[in-house]
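# Build me a structure from this.
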Amino acid sequence: MSLLDCFCTSRTQVESLRPEKQSETSIHQHLVDELPFSQLPSSTRAKDVICSTNVSHYELQVEIGRGFDNLTSVHLARHTPTGTLVTIKITNLENCTDERLKALQKAVILSHFFRHPNITTYWTVFTVGSWLWVISPFMAYGSASQLLKTYFPEGMSETLIRNILFGAVRGLSYLHQNGCIHRIYMDIM
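Next up, the predicted model:
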């Protein structure tokens, strides 16, 4: 049996379900053979991914979600020069209202100022025609909601819930200490 070392805690290990018990719609099915292969880049490779604004350097694997009033598609992708798995959020700017464009601009600008282990960062942002591409690290186990659906259909332990909330509160505290109030527009990307 494998163990998931959850990013939200360094002490709590969570036992995963065997792959045959995973839901067929789970992103885990797509990644079963891929996760050991450079999920997190080394410092040299991270620099290559962070600085890469060439769209041909990214191979879209599968759409893993949608957001921002369905204007943004979220993809698992591979940075082909390094083999690193990344998340790419692609937004059609032509379909955005002025209000949505301002929210996107604010989220992108703010993301460059924040550096905290409990806040997802954008590695690079660029446009391809009228499409905004946002490259960020791939979080293999996704959101707490996705963890619950995929690995804990009967519910999480209080210890795991405490550790997830502790990480979230630390991230929110960091934002508040830096004068930022977390709002829905921060979640659009």
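
# Quick check, residue 122 in contact with residue 132.
No: applying Cβ atoms under 8 Å, one finds residue 122 not in contact with residue 132, separated by 10.8 Å. Glycine gets a C-beta too; all of them are placed from N, C-alpha and C.

# So for the two, which sits in the more crowded spot?
residue 132 (22 against 19; other Cβ atoms under 10 Å).

# Where does that one fall, secondary structure wise?
strand 131-137 (DSSP states H and E).

# which parts of that strand are buried?
Across strand 131-137, burial judged by 16 or more other Cβ atoms under 10 Å covers 132-137.

# And the next helix or strand past the helix or strand where residue 73 lies?
Taking DSSP H and E as the criterion, residue 73 maps to strand 72-79. For strand 72-79, the following helix or strand on the C-terminal side (DSSP H and E) is strand 84-92.

# Quick check: end-to-end length of stretch 89-105?
14 Å (Cα to Cα, to the nearest Å).

# cool, stretch 127-141 as well?
Stretch 127-141: ends 28 Å apart by Cα to Cα.

# pLDDT on it, on average?
The average pLDDT within stretch 127-141 is 91.

# Same check on stretch 148-164?
Confidence over stretch 148-164 (mean pLDDT, whole number) is 92.

# again with stretch 80-96
Across stretch 80-96, pLDDT averages out at 93.

# which stretch of helix or strand covers residue 161?
helix 158-177.

# where along this protein do the strands fall?
For the chain, strands defined by DSSP state E occupy the ranges 3-5, 13-15, 58-67, 72-79, 84-92, 124-128, 131-137.

# got the buried residues for stretch 53-71?
Buried, per 16+ other Cβ under 10 Å, within stretch 53-71: 57-58, 61, 64, 68, 71.
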